[in-house]
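A.B. asks: what's the 3D shape of this:
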Amino acid sequence: MDLPQILLLTAIFVITIILTIIGVQIIILLRDSRDTLKKADHVIDNLDFLTTSLTRTSGTFRELSSSLQSGMQMVGLISKFISTKKK
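C.D. replies: Below you'll find the predicted structure:
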């Protein structure tokens with residue numbers, strides 16, 4: 001074999017090894033990215049559940065406060081009715 005052929009084969013061999021290593025690292029990087037995205041999706045799902053729960057709770061508190069206001073109005077009307085009956 002001539003010297004240029006030996007240099008060309010050596011260069012091809014080295015480039016093949018480098019590209020193989022780069023390919024393996026890209027595969028590892030993509031797997032890590034997939035795991036990170038799964039964890040982020042899980043966190044977003046938890047936040048969605050939390051906000052939904054808080055919205056329901058605030059709606060319940062709103063209904064409770066309006067019920068208490070209605071109850072206080074009823075107590076006021078009943079007390080006025082009783083006080084006018086006594087007079």
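A.B. asks: contacts, neighbours, all on C-alpha from now
C.D. replies: Will do.
A.B. asks: Give me the most central residue, this structure.
C.D. replies: residue 44 (0.6 Å; C-alpha atoms, centre = their mean).
A.B. asks: so where does it fall, helix or strand?
C.D. replies: If you go by DSSP states H and E, residue 44 is part of helix 3-86.
A.B. asks: Give me the helices and strands touching that helix, please.
C.D. replies: Here helix 3-86 touches no other helix or strand, going by 3 or more C-alpha pairs under 8 Å, 6 or more residues apart in numbering; DSSP states H and E.
A.B. asks: ok, residue 21 to residue 6 distance?
C.D. replies: The gap separating residue 21 from residue 6 is 23 Å, by C-alpha to C-alpha, to the nearest Å.
A.B. asks: in the protein, what spans have low per-residue confidence?
C.D. replies: 57-59, 85-87 (pLDDT under 70).
A.B. asks: how about 90 then?
C.D. replies: The model of the chain has pLDDT under 90 over residues 1, 44-87.
A.B. asks: Report the distance from stretch 71-87 to the chain centre.
C.D. replies: Put simply, stretch 71-87 sits 52 Å off its chain's centre (C-alpha atoms, centre = their mean, to the nearest Å).
A.B. asks: export that stretch as CSV, just CAs?
C.D. replies: Only the C-alpha atoms of stretch 71-87 are listed here, as CSV (Å, rounded to 0.1, in the frame of the first residue of the first chain):
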residue,chain,number,x,y,z
GLY,A,71,-78.5,33.3,56.9
MET,A,72,-77.7,36.6,58.6
GLN,A,73,-80.3,38.4,56.6
MET,A,74,-82.9,35.7,57.6
VAL,A,75,-81.9,36.1,61.3
GLY,A,76,-82.3,39.9,60.9
LEU,A,77,-85.7,39.5,59.3
ILE,A,78,-86.8,37.0,62.0
SER,A,79,-85.6,39.3,64.8
LYS,A,80,-87.4,42.3,63.3
PHE,A,81,-90.6,40.2,62.9
ILE,A,82,-90.3,39.0,66.6
SER,A,83,-89.6,42.5,67.8
THR,A,84,-92.6,44.0,65.9
LYS,A,85,-94.8,41.2,67.3
LYS,A,86,-93.9,42.0,70.9
LYS,A,87,-94.8,45.7,70.4
